[in-house]
Structures are given as C-alpha cells and as structure tokens.
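Engineer: would you be able to build a 3D model of this:
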Amino acid sequence: MSRGEHPRRRRSDSAPPPKGILAGERELIFQYLPEEVRANMLRRGSESAALWNAFYPFAHSGLSLRAWLSLPRLWGSSAEGSDDDQLMPCFWGLTVDGQPLGGLAESASDVAGREDRLEIDLFLVGRRHLVAVEAKIDGVPGRCGRYDSGRCPEVHGPDAACRYWEDGPASFEAALDFGIRPVRDQEEPPPCAIHYQMARTLLGVENLARRKDLVPHLTLLMPQRRWPALRGGWQDFAERVRDEEQWRRLRVMAWEDLEGLKRS
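Structural biologist: Just a heads-up that it's a prediction; the model follows:
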C-alpha cells in the first residue's frame with residue numbers, strides 16, 4: 001500500500017456506527033477499520049471505544065506534547081526542558097480520514113514479518129516526536145502466544161529459530177536485555193515470552209521513528225486501580241531497556257488523568 005492510499009474499504013457508507021462512540025462516528029476511518037476493532041467497540045468496557053473517546057477530541061487539532069508529558073504519571077521520569085510539538089492521533093494505524101500512517105506497513109513488516117500484524121493501538125505523531133500508546137482496561141500486556149501454546153521454536157522445537165532472536169530489524173537483543181537465548185525444554189518462561197507485546201511495541205515505535213526521523217516514546221495506559229497488579233511486570237520490562245534515553249521516554253499513565261488534556 002503506497003503512502004496516501006486508503007486501505008481496502010471494510011464497511012459501506014450506510015453501515016451503522018459502533019455503539020459506545022461519543023462523537024465522530026461518521027469519520028471515514030470507520031469504513032476502513034479492521035472488523036475486530038469495531039467488534040471490540042461493542043463490548044462493555046471496551047478498550048477500543050475508550051481509546052477513541054479519549055483521543056478523538058484531538059484528532060483534527062492535535063494535542064501538545066508538553067501538555068501530554070505534563071500529565072500525572074504512574075511511572076516515568078520527569079520531562080523538564082522538553083521542546084513542544086503538536087501530536088496528531090493515529091488510531092490503529094489510520095488517521096481519522098482513513099489514511100494509513102506512512103511507513104507503518106514497512107515497520108510492521110520489519111518487526112512482525114507482515115504489514116498488518118504490529119497491532120499498536122494509537123500513535124501520536126508530531127513533527128519531531130512519535131508516541132506509541134498501548135491501552136489496557138482489564139487486560140494485561142500480552143505474552144507470546146506461541147510460547148504459551150507450546151509452539152516456541154526455541155524452547156519447544158522443531159529445529160527452527162525465532163525471528164526475535166535472529167540478527168535483523170526484529171531482534172529484541174538490540175533494544176532489550178532479555179538475557180541468554182532460550183534453550184530447548186527450559187522450564188521457566190523466558191523474558192521474551194513474558195514481555196512479548198511491549199517488546200514488539202518498543203521495536204515498532206523505534207523502527208517507525210527512525211524511518212520518519214522522529215524521537216520515539218512508549219506509553220502504557222491503564223486504569224489507576226490496575227497499577228498495583230501490573231507494577232512488577234512493567235518495572236521488570238522497563239529495566240531491560242538498553243538505551244537510557246529511551247528508558248527516560250517510557251511512561252505509564254492512568255485513563256483518569258487524561259481529563260487534564262481536555263482542561264488544558
């Protein structure tokens with residue numbers, strides 16, 4: 001798919017908008033969203049609907065990077081002295097008018113091996129900065145499905161290699177200290193299996209940021225009540241990030257604190 005080209009249309013103009021959307025239900029993006037995203041918006045407590053409702057107010061005007069970094073955080077370093085930027089939301093790889101985010105398909109292919117499988121919820125795209133947001137409500141950052149189903153090529157065989165342990169743009173090793181490479185029949189789950197989703201998201205935003213000459217940020221968004229249960233896992237992931245400057249651009253934020261964006 002070339003830059004500026006709409007993806008394949010998935011819904012007709014007359015299709016009813018998903019329930020749970022407070023505004024913007026007739027934006028062109030809803031004609032092109034994957035059906036699983038639209039289906040998620042119909043469920044009670046939907047992460048997809050919450051994400052849209054929280055960030056759609058900024059979909060056309062953008063939001064200030066300085067205001068974003070000034071919000072309270074559950075985890076993360078201060079952002080004093082950061083230059084400002086205007087960040088435009090890009091939902092599930094698409095702008096509100098259904099345009100694919102330039103370079104994302106290529107980055108997804110680098111990291112995940114397929115153009116449509118990186119699955120990052122939200123990008124906030126500026127002229128100098130790029131923020132990837134992984135949104136959770138009751139869920140947790142995903143583990144490696146192949147490992148959990150007994151199909152990890154490193155641990156369970158057959159004789160093959162995992163792309164994330166091989167040299168190349170998908171290598172976890174360059175960005176994260178996951179220790180020694182997993183070995184056949186080891187009993188403890190390796191860190192790459194535990195932190196699989198956040199590791200791929202980090203690789204994805206760093207890869208895309210390099211393509212667009214932007215500074216990458218990574219944010220995990222969750223309800224404040226969930227932080228005590230997820231704190232240990234997040235801290236273990238964060239301490240494995242090799243680059244100190246990237247570590248300083250990691251954040252955990254609460255849905256409740258996004259209200260500060262509307263006030264500002």
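
Engineer: what's in contact with the particular helix or strand that has residue 216 in it?
Structural biologist: Assigned by DSSP states H and E, residue 216 falls within strand 215-222. Contact with strand 215-222 is made by 51, 74, 128-137, 141, 198, 201-202, 205-206, 208-209, 230, 234, 246, 249-255, 258, as judged by C-beta atoms under 8 Å, 6 or more residues apart in numbering. All C-beta atoms are positioned from the backbone trio N, CA, C, and that covers glycine.

Engineer: can you select the buried ones from those residues in ChimeraX?
Structural biologist: Selection of buried members from these for ChimeraX, criterion 16 or more other C-beta atoms under 10 Å:
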select :51,74,129,130,131,132,133,134,135,136,137,141,198,201,202,205,206,208,209,230,234,246,249,250,251,252,253,254,255,258
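
Engineer: how about the helices of the stretch 51-200 of the chain, start to end?
Structural biologist: For the stretch 51-200 of the chain, the helices defined by DSSP state H, counting those that start in this stretch occupy 65-70, 104-112, 145-148, 191-194, 196-212.

Engineer: point out where this structure drops to low pLDDT.
Structural biologist: 1-19, 44, 80-82, 115-117, 263-264 (pLDDT under 70).

Engineer: okay, buried residues for stretch 153-161 please.
Structural biologist: Result for stretch 153-161 [16+ other C-beta under 10 Å]: buried residues 153-156.

Engineer: just how off-centre is the strand holding residue 216 within its chain?
Structural biologist: With C-alpha atoms, centre = their mean, to the nearest Å as the basis, strand 215-222 stands 7 Å off its chain's centre.

Engineer: cool, stretch 184-201 as well?
Structural biologist: 18 Å.

Engineer: same question for stretch 174-183.
Structural biologist: Distance, centroid of stretch 174-183 to centroid of chain: 21 Å (C-alpha atoms, centre = their mean).

Engineer: ranges for the strands of the stretch 151-264 of the chain?
Structural biologist: Per DSSP state E, counting those that start in this stretch, the stretch 151-264 of the chain carries strands over the ranges 215-222, 250-254.

Engineer: save these as TSV, and put in distance to residue 101 too.
Structural biologist: Output for the strands of the stretch 151-264 of the chain, formatted as TSV (distance: least, C-beta to C-beta, whole Å):
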stretch	distance to residue 101
strand 215-222	14
strand 250-254	21
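
Engineer: for residue 89, find the nearest of the ones you listed.
Structural biologist: strand 215-222 (12.7 Å; C-beta to C-beta).

Engineer: pairing partners for that closest one, with directions?
Structural biologist: strand 129-135 (parallel), strand 250-254 (parallel) (DSSP bridges).

Engineer: would you put the C-alpha positions of the longest one in CSV?
Structural biologist: Once non-C-alpha atoms are left out, strand 129-135 reads as follows in CSV (Å, rounded to 0.1, in the frame of the first residue of the first chain):
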residue,chain,number,x,y,z
HIS,A,129,8.2,13.2,18.2
LEU,A,130,6.3,9.9,17.9
VAL,A,131,4.4,8.4,20.8
ALA,A,132,3.1,4.8,20.8
VAL,A,133,0.3,4.1,23.3
GLU,A,134,-0.7,0.6,24.4
ALA,A,135,-4.1,0.8,26.1
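
Engineer: what angle do it and helix 196-212 make?
Structural biologist: Relative orientation of strand 129-135 and helix 196-212, computed by axes from the mean of the first three to the mean of the last three C-alpha atoms, to 10 degrees: 160 degrees.

Engineer: what does strand 129-135 rub up against?
Structural biologist: 47, 50-51, 65, 68, 85, 87, 120-124, 141, 197-198, 201-202, 204-205, 208-209, 212, 214-222.

Engineer: filter those residues to the buried ones?
Structural biologist: 47, 50-51, 65, 68, 85, 87, 120-124, 141, 197-198, 201-202, 204-205, 208-209, 212, 214-222.
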